[in-house]
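*Asks:* Model the structure of this input:
(chains A and B)
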Amino acid sequence: MTLRQLNRLALRQSRASWRRLEWRALAAALLIAISLSTLLAVTGDRLEQSLGQQSAALLGGDLVLSSSRPLNPQRRQAATDAGLNSSAVIQLSSMLSGNEKFVLGSIKAISAPYPLRGTVITTPSQPSLPVPGTLWAEQSVLQRLGLAVGDSLSLGYQRFTISAELISSPDRGRGFGSFNPLVMINTADLAATKLISPGARVNYRLLLAGPVDSVDRFYRQLKPQLSNAERLLSLNSDDNMQGNLQQNLSRYLRLSAVMTLLLCALTILLSLRRYSHANLNRAALLLNMGLQPRQLVQLFSLQLLQLWSVCAVLGSLAAVLLNSLVNLLLTPLLNGALPPATSLSWLQGPLMGLILLITLGLPPILAMSRVSVMQLLRQSEPATVNMGRGLMGLALLSLLGWISYYLDSLTLALLLTTVLVGVSWLLGLLGQWLTRLLGQQLAPRLRLGRLLVLRIQQQRRWQRLQIPVMSLLLALMALLWLARGDLLNRWAEQLPATAANHFVINIQPWEKQLLAEFMHNQGVDSHLYPMVRARLVGKNGQPVDAAFNAEQQKDNSLNRELNLTWSTQLARDNQLLSGTWPPISNEQGHSVSVESGLAERLGLKLGDRLSFNAGSQPVEARIDSIRQVKWDSFQPNFFMIFAPGALDALPASYITAFYLPRENSRLVPALLEQFPTLTLIAIDQLLAQARQLIAHLIDASSLIMLLSLLAGTVLVITLMSQERGQRRYENALLQALGATANDCQRLDRLEFGLTGLVCGALAALLAELALWPIHQQALKIEMVIHPWSWLLLPLTGMVLFSLLGSLSRRYPTSLWEQLKARQGR
Amino acid sequence: MISPESEPVIQALGLSKQFDSHNGSLSLFSELGLAIHQGESVAIVGPSGSGKSTLLSLLAGLDNPSTGDVIIAGQSLTQLDDIARARLRSEHLSFIFQSFHLLPELSALENVILPLEIRGQQNAAAQACHWLDRVGLADRQHHYPTTLSGGEQQRVAIARAFATEPTLLFADEPTGNLDDQTGESIINQLFSLNQQRQTTLVLITHDNSLAARCDRTLELHNGQLQPRLNEERSQ
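*Replies:* Residues are numbered from 1 along each chain as shown, chains lettered A, B, ... in the order given. Predicted coordinates for the structure are as follows:
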């Protein structure tokens, strides 16, 4: 038989196979696996970027040295000596004002050459730097202020002409602040704005780029020399300054992607097993007609290849569609600063599908080629296909390989797979036990109760697979929606209605008096808190690396500047836990009151002596009280409170918070007109921005979750169909013994309903357990039970299972034929 | 027509088959001997479970005997490896099964073409058409198995079996899934074609009237293969 003839026969087989449930399940699983892998390969960068990862084009260089203090010029010289190009960037948050409107923006001052990697895109297109006196503004700036290119905009004391709209740029900076509307100015203009003052939150960066070797060498050389204020970011740096939320989302995405792939693989495996089993007679017949085993392998491989080509095309198309959806959701967050996907990444999904299909498909095909022709003489059910252990191992290995490639770590892949399998196993046992228990409880109340218990007992093998799959998927889905709801609503709900909704920072000592008067005249109740920024650099005379253990050294408070203040009054939302209040300052030295959470994390006790460094000026103080602070009170609060006078030698700025009713729209413009360098943070605006960010990220994640759920549904249908013959036969037998067709349907519905109920309940439990750390860490709120999820999830499980059950349960032939067919085998 | 002196087409020498069971080794038959000549039709009858199908599978080289040998067209099957046996089957043997075993996605014509294509024959389509015509299904060439009656399906299977011009044709309960009348007409067709083509036919059946139409009937009973006098013929 020629290859062409084999291909034609394979094509006929493929077409005929569409009528078989397992072939459809196989196709669906393959399609989902290909779409998902392509989507991840293509949008991975976009999602990861939004979740805090970096790439050269996004970083703007191969390395970025970042500091909260002006960078030592020696650093730049050292980079030049090492053969690297460098570019200095200064970025800060401040108010942008124009057209009598204000918005908190991010200002990036750049100088040539910029950027070192990636490109800045503007309309109309511009030279490499803004001409002094002009700036480039993002669309969000223009929109919010109602401005257009050519209009003018004020930053601090300086007016600029908007010369272009900024479409995209690398090097956006990091953290939530980086999502603020961005403007870019020439560094030459920065001084005139007078925005850089003590207390201003400024980030100084040095972008570095060069040959790989030089970059690596410089990275290794510089890393140990970094000061406390400096951070060195490389493409691979695992230096995650992003919040827990983003880390959690990133983990969540990976988990659901890995789970989806495993589900698809399991579906492909089971469908192929069933398919090859159903085709044993065909294989025997073809061998009997003289087809060589080798040709038989070719025939069925061709059939799989045909299926793959269809799925590759459709899967890629689906990925294109999903990709545009993800882009649509993420573009507003990322301002389009994304490199286009490479053509190679479009091939990743189809390639992954091919590997999955070959490794999982070859064992059953090889088994088919070894079938005995005697099969045809027997009128019995063909024996189960023996799947080659070696090839199966290879299939699992390649799957593991792909997962580790995606997770970028073999250990993590192994760990994740093991944990998933372990949790599934436990869930299977627990779920099956619960189903049986419920069945036994229900049995005495139902006419078919005994049969139900028997049926549950019979189906336990498949339930142990179905229950974990569905409960995990429902839990993941619920997690997404519950977290979304909690993050978006509960946070805001906790605020008292009259909580301060505006913060003003960057108030300089000479503005203090004027501002207080301004506030007073406006009838706004506010209090000015002094603020000195300093790092904690030692305890009891020892430096940080000797005074604190490794875990403590990782604490954020040791890796950034803390806000210190002085006060004699204990604020309402502060509670003294131990020691004496107020702190004192005299000839013997100063004392300090420490926030209890920080004290606990760093192991600080009353009597410990802390050393601080503000710029280059040292301060020492003895802890004489520990305070508990309610951080979510939306009042300025401080880790360290000193006595008045203790920090006099240090540069201080002031901060205030006040409540402004929504109706009062006059105060803010008037305030910023009089004090143009102040930074005003409107909580409403910030919350809205954070909410939008969260909502978009979660929506993008839901797309992937949707694919997971689809994969799980296909798997459950496949699992249900595995025992379909048995179920049909039993129902026919029951009917022959006097049960009605309705009884049988009720029995099926009861079984599926119970299984679904258990899945839903387990999902609700899992979701609550998973939300707990999120509440504790990200939201800092007490654990809450979500009664709706306990009601809705079991209900969803019941409906879903009943629906899937009725899909996989079709009794087309008569009762008698069912029995006869069974007997005939 | 049948010359006992000529070399047999198929020969079984001291054939025995044992199975391992829970209660030790179980012997289905032992020391069976058999020789069938060119153009002869032989029925093998016997009660259910007597081992008819197993004997057929040994004769066709689908299974290995515990002892003994089968010689087809002068070649000893025990001397051949799996591939050579498959080639021998493909060159000399055809099968007709109780449950037809047609491929549902192929039309009647394509089902007949398939074994010819597998053998790499040039004029496969013309030959298949010819054979479908011979079994009276010329007007059903493009019908699919599901749209054919049981009798028609078995006739397609007969056309498929003859199309490769086999030396030996094995038929396993060919009328087992058909009603009497259809079965009768199928058998008429089978015997008529067999006579015309001078094919050697080995028929497994438990239908005595069907067996009676063969040149010889052998009865497999208690592990022994005994010739049975064909009453209808002798009369």
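*Asks:* rest of the way, CA atoms for contacts and neighbours
*Replies:* Noted.
*Asks:* can you count the residues close to residue B:149?
*Replies:* By the other CA atoms under 10 Å in any protein chain shown criterion, the neighbourhood of residue B:149 contains 12 residues.
*Asks:* measure it to residue B:178 for me?
*Replies:* Residue B:149 sits 10 Å away from residue B:178, going by CA to CA, to the nearest Å.
*Asks:* do the same with residue A:345
*Replies:* From residue A:345 across to residue B:178, the span is 58 Å (CA to CA).
*Asks:* quick one, what contacts residue A:712?
*Replies:* Listed by CA atoms under 8 Å, 6 or more residues apart in numbering or on different chains, the contact set of residue A:712 reads A:260, A:263-264, A:469-470, A:473.
*Asks:* in which helix or strand would I find residue A:504?
*Replies:* Under the criterion of DSSP states H and E, residue A:504 resides in strand A:502-507.
*Asks:* And the pLDDT for residue B:48?
*Replies:* For residue B:48, the model assigns a pLDDT of 80.
*Asks:* what's the neighbour count on it?
*Replies:* One way to gauge burial is a neighbour count; for residue B:48, by other CA under 10 Å, it gives 11.
*Asks:* do the same with residue A:738
*Replies:* By other CA under 10 Å, the burial measure for residue A:738, its neighbour count, is 10.
*Asks:* Specify the local secondary structure of it.
*Replies:* Of the three states, residue A:738 takes coil according to DSSP: H, G, I helix; E, B strand; the rest coil.
*Asks:* quick one: it from residue A:744, how far?
*Replies:* In this structure, residue A:738 and residue A:744 are 11 Å apart, going by CA to CA.
*Asks:* Residue B:30 too?
*Replies:* Remark: distance between residue B:30 and residue A:744 (CA to CA) = 50 Å.
*Asks:* and the longest helix for the chain?
*Replies:* No chain in the question, so chain A it is. If you go by DSSP state H, chain A has its longest helix at helix A:293-334.
*Asks:* I was thinking of chain B, sorry if that wasn't clear
*Replies:* Secondary structure of chain B read by DSSP H shows that its longest helix is helix B:180-197.
*Asks:* Now that helix: buried residues?
*Replies:* When neighbours are counted by 16 or more other CA atoms under 10 Å in any protein chain shown, the buried residues of helix B:180-197 are found to be B:182-184, B:186-187, B:189-191, B:193-194.
*Asks:* what does stretch A:208-224 give?
*Replies:* In stretch A:208-224, the ones that count as buried by 16+ other CA under 10 Å are A:208-210, A:215, A:218-219.
*Asks:* what does the longest helix of chain B contact?
*Replies:* With CA under 8 Å, 6+ apart as the contact definition, helix B:180-197 has outside contacts at B:39, B:135, B:151, B:154-155, B:158, B:175, B:200-201, B:210.
*Asks:* change it to 10 Å
*Replies:* Applying CA atoms under 10 Å, 6 or more residues apart in numbering or on different chains, the set of residues contacting helix B:180-197 from outside is B:39-41, B:134-136, B:149-152, B:154-155, B:158-159, B:162, B:165-167, B:169, B:171, B:174-178, B:198-201, B:209-210, B:213-214.
*Asks:* In the stretch 201-350 of chain A, what residue spans correspond to helices?
*Replies:* Secondary structure of the stretch 201-350 of chain A (DSSP state H, counting those that start in this stretch): helices at A:212-222, A:244-278, A:280-288, A:293-334, A:343-369.
*Asks:* Tell me if the last one is near chain B.
*Replies:* No: counting by CA under 10 Å from any CA of the partner chain, no contacts exist between helix A:343-369 and chain B, the nearest distance being 12.3 Å.
*Asks:* which residues does the most centrally placed residue in chain B contact?
*Replies:* Closest to where the C-alpha atoms of chain B average out (CA atoms, centre = their mean) is residue B:170, at 0.8 Å. Residue B:170 makes contact with B:42, B:56-57, B:59-60, B:93-97, B:161, B:200-204, according to CA under 10 Å, 6+ apart.
*Asks:* what does residue A:552 give?
*Replies:* Contacts were defined as CA under 10 Å, 6+ apart; by that measure residue A:552 touches A:544-545, A:558, A:601-603.
*Asks:* name the element the residue in the stretch 551-700 of chain A positioned nearest to chain B belongs to?
*Replies:* The nearest approach of the stretch 551-700 of chain A to chain B comes at residue A:700, 43.1 Å away (CA to the nearest CA). In this structure, residue A:700 sits in helix A:683-722 according to DSSP H and E.
*Asks:* which parts of that helix are buried?
*Replies:* When burial is assessed from 16+ other CA under 10 Å, helix A:683-722 yields the following buried residues: A:686, A:689-691, A:693-705, A:707-722.
*Asks:* try stretch A:761-776
*Replies:* Of the residues in stretch A:761-776, those buried under the neighbour-count criterion (16+ other CA under 10 Å) are A:761-768, A:771-772, A:774-775.
*Asks:* just to revisit the earlier point, tell me the two of the contacts of residue A:552 that are most distant?
*Replies:* For the contacts of residue A:552, the farthest-apart pair by CA to CA is A:545 and A:601; their separation is 15.2 Å.
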